[in-house]
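In: Prediction below, plus the sequence it came from.
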Amino acid sequence: MATMTKGKINVAVDNIFPLIKQFLYSDHEIFLRELISNATDATNKLKHLASIGEFDGDTENLKIEVKLDKDNKTLRVIDQGIGMTKDEVVKYINEIAFSGAEDFLEQYKDKKAEDAGIIGHFGLGFYSAFMVSDKVEIRTKSYKKDSKAVHWSCDGSPEFQLEEIDDKKDHGTEIILHISGDSKEFLEDNRINELLHKYNKFNSVPIKFGTKEIIDPEWQPSEDNKDEKPKKIIVDNIINNTQPAWTKKPSELTDEDYNKFYHELYPDALDEPLFHIHLNVDHPFHLTGILFFPKLNLNLDPTKNRIQLYQNQVFVTDNVEGIVPDFLQMLRGVIDSPDIPLNVSRSYLQADAAVKKISGYITRKVADKLQSLFDKDRKNFEDKWNDIKIIIEYGMLSDEKFYKKALNFYLFPDTDGNYYTFEELIEKIKPVQTDKDRNIVALYTSDAKAQHAYIEEAKNKGYLVLLLDSPIVAHLLQKLEMDHSELSDQKQPVKFARVDADAIDNLIKKDETKVSKLSEDEQNKLKEIVEKNIPAEQFAVQLEPLDSDSAPFIITQPEFMRRFKEMQQTGGAMFGGNDFPGMYNLIVNTNSDWMPKILKAKKKQAEYVQQALDLAKLSQNLLKGEELTRFIKRSLELMK
């Protein structure tokens, strides 16, 4: 008759279990992930032993099973893996300072046990079961010949019972959890199904949870009865895909396979991903994965469908802050690395040397992929530019190495639908858009419709106008100007100016001097009339001898003021807390045919000034409401 052993678990405190319940994991649901990780670990160990000739049994159809018994309030996790002898139970369960996986790796380190996909620490992971249980039992039998099955039980105190049993014939381990009253949610099928899909839907060993009814794949309707109902059969309900796309080589996958996997990860995603990046590195750390560039739109929720972090196909978290660079967290996909522990704090991850290397590798890999896409199919890259530019700009502003690489594929679109790299842009505009101080001036618009009049005036001068409408582009322009501010025999400074920042002749000043049609006295009188009839708190009047066919009044906002205002809105406290004043320049074109009318008019002087001002406001989309109504009435009167 088997003898029962009683004893105390070898821990450093009188009772570790209250501490486990309170502190080991923030989410009690993690217990199931831990137990399945251990079961996977045990299964992969057996497969490895078979591969090196130390186990001659069948390893083809090994699986893990999760069983619920609501009546007896138990949850069971059963594997067909390596199992344990009585001595191993004492060592790995009772002496929780040891790790079964670490010991196993040490024993087989020369036989590539790492390749068996061993998840790790059996000790503390197993004890997470006590977070949801009043009592835990283990029934286990080692794969070793002539080994005896054993039964271990513990009710959450440091005392345990251990005995040999005769009613377990097959190798493997069965963990029986007697679910506590405050954790009865874990006796519900839907809850367990939810957890299995959350943490283990890509587990490397098949997981059975109940059965399901399907149409028999071998069934064929009889020729005599076309209305015959299909024959149905009961099969195991396997909840996981054991070979997800990221575990395969890129050469084994088509674009269709990648898209199918994308929707397997994110069933509620409506759009196809723009493109993917397959990650695979063995040194100096192990990492595999697939990242997808999603189609960005206003409905994109950054808290949903995030990048998922796995450790050996076991889900860890979808909060990848510190592992994936900030600018890439709008991407989707999977990262899997055995070098990232299952249970650590985010602050630990951010300080970990391996994690920092992973972050750097991912950044480099994304940059290389974008360059490759640009080189292979530039037209396709240009077509997707609006969907990816914000991510690239964010990366250029937050990572210097990425910035340097991205300069080769960052695109500057113009208002006619052409795209230029930075180098191509400078080469294109340098002959025409170099000012008298040798600055190369790149003109741009942030809204082609609202700034249409200014764009047309620039084009009439033969200038190219870029369309730069990203919310963070002002930051990037600032950086580009700082990095290209040197004036030498070989280099010229580069400046960016929005087309409505000043009169076009002031944005790119040439050597020629413009002559005003008005005398100095007339100009002084004109300035006095205009200033008398406009709100001084909104406009600073500036007289300029522009082309006669240019608008009589032009409203501008200085580039530096407007740009820093935009940067303040998207950059927070970095640019100070006070808003820049909403002050505009009012450029009065002294060569406009409208100016002699204003000077000669007596009764309608104020009316003419207001009309010219309203026309300028209209071109800047600043004329609204009551002011717009008055402008329309005045225009009708002036036409009479």
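Out: Good, I have the coordinates. Numbering: from 1, shown residues only.
In: So L464 sits against I429, correct?
Out: Yes - here L464 reaches I429: they are 5.5 Å apart, a contact under C-beta atoms under 8 Å. From N, CA and C alone the C-beta is placed, and that goes for glycine too.
In: Low-confidence regions, the stretch 451-600 of the chain specifically.
Out: The stretch 451-600 of the chain contains residues with pLDDT under 70 at 488-489, 559-582.
In: and with 50 instead?
Out: 572-581 (pLDDT under 50).
In: ok, now the chain?
Out: 1, 11-16, 23-24, 97-102, 104-105, 108, 112-123, 572-581.
In: domains for it, by residue range?
Out: As given by automatic domain parsing, the domain ranges for the chain are 4-210, 245-383, 411-512, 513-569+581-640.
In: which stretches of the stretch 301-450 of the chain form helices?
Out: Using DSSP state H, counting those that start in this stretch, the helices of the stretch 301-450 of the chain run over 346-351, 353-376, 378-383, 385-398, 400-406, 422-429.
In: Verify the stated contact: N241 with K201.
Out: Yes - using C-beta under 8 Å as the test, N241 is close enough to K201 to be in contact (6.6 Å).
In: Quickly list what's touching both of the two.
Out: By C-beta atoms under 8 Å, 6 or more residues apart in numbering, N241 and K201 have no common neighbours.
In: Off-centre distance for stretch 606-613?
Out: 52 Å (C-alpha atoms, centre = their mean, to the nearest Å).
In: residues of that stretch that come out buried?
Out: Neighbour-count burial for stretch 606-613, counted by 16 or more other C-beta atoms under 10 Å, picks out 608-613.
In: To H286, which of the helices of the stretch 301-450 of the chain lies closest?
Out: Closest to H286 of these is helix 353-376 (C-beta to C-beta; 9.5 Å).
In: tell me the angle of the closest one relative to helix 385-398?
Out: 140 degrees (axes from the mean of the first three to the mean of the last three C-alpha atoms, to 10 degrees).
In: How far does helix 353-376 sit from its chain's centre?
Out: With C-alpha atoms, centre = their mean, you get 14 Å for helix 353-376.
In: CA atoms only for it, dumped as PDB, please.
Out: In PDB, the C-alpha atoms belonging to helix 353-376 read as follows (Å, rounded to 0.1, in the frame of the first residue of the first chain):
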ATOM      1  CA  ALA A 353      18.900  46.000 -21.800                       C
ATOM      2  CA  ALA A 354      17.400  43.300 -24.000                       C
ATOM      3  CA  VAL A 355      14.200  45.200 -24.400                       C
ATOM      4  CA  LYS A 356      16.100  48.400 -25.400                       C
ATOM      5  CA  LYS A 357      17.900  46.300 -28.100                       C
ATOM      6  CA  ILE A 358      14.600  45.000 -29.300                       C
ATOM      7  CA  SER A 359      13.100  48.500 -29.600                       C
ATOM      8  CA  GLY A 360      16.200  49.600 -31.600                       C
ATOM      9  CA  TYR A 361      15.900  46.500 -33.800                       C
ATOM     10  CA  ILE A 362      12.200  47.100 -34.600                       C
ATOM     11  CA  THR A 363      12.900  50.700 -35.500                       C
ATOM     12  CA  ARG A 364      15.700  49.800 -37.900                       C
ATOM     13  CA  LYS A 365      13.600  47.000 -39.400                       C
ATOM     14  CA  VAL A 366      10.700  49.300 -40.000                       C
ATOM     15  CA  ALA A 367      13.000  51.900 -41.700                       C
ATOM     16  CA  ASP A 368      14.600  49.200 -43.900                       C
ATOM     17  CA  LYS A 369      11.200  47.900 -44.900                       C
ATOM     18  CA  LEU A 370       9.900  51.400 -45.800                       C
ATOM     19  CA  GLN A 371      13.000  52.000 -47.900                       C
ATOM     20  CA  SER A 372      12.600  48.700 -49.600                       C
ATOM     21  CA  LEU A 373       8.900  49.400 -50.400                       C
ATOM     22  CA  PHE A 374       9.900  52.900 -51.800                       C
ATOM     23  CA  ASP A 375      12.700  51.400 -53.900                       C
ATOM     24  CA  LYS A 376      10.600  48.500 -55.300                       C
END
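In: List the contacts of that helix.
Out: Contacts of helix 353-376 (C-beta under 8 Å, 6+ apart): 275, 277, 279, 281, 284-285, 287, 291, 322-325, 328, 335, 337, 339-340, 349, 380-381, 388, 392, 395, 399, 401-402, 405-406, 408-409.
In: now the residues you listed: which count as buried?
Out: 275, 277, 279, 281, 285, 287, 291, 322-325, 328, 335, 337, 340, 349, 381, 388, 392, 395, 399, 402, 405-406, 409.
In: any idea how far stretch 416-426 is from the chain center?
Out: Distance, centroid of stretch 416-426 to centroid of chain: 28 Å (C-alpha atoms, centre = their mean).
In: From here on, call the first residue 663.
Out: I'll keep to 663 as the first residue from here, and by that count the last item is stretch 1078-1088.
In: buried residues in it?
Out: Buried residues in stretch 1078-1088 (16+ other C-beta under 10 Å): 1081-1084, 1087-1088.
In: Endpoint to endpoint, that stretch covers what distance?
Out: Start-to-end span of stretch 1078-1088 (C-alpha to C-alpha, to the nearest Å) is 17 Å.
In: which ones are touching L1180?
Out: Contacts of L1180 by C-beta under 8 Å, 6+ apart are 1188, 1252, 1257, 1261.
In: Need the max-distance pair from those.
Out: T1252 and L1261 (10.4 Å).
In: What about the nearest residue to I997 once chain neighbours are set aside? Give its phi and psi, please.
Out: Of all residues not flanking I997 in the chain, G951 sits nearest, at 4.0 Å (C-beta to C-beta, 6 or more residues apart in numbering). Taking degrees, to the nearest 10, you get phi 160, psi 170 for the backbone angles of G951.
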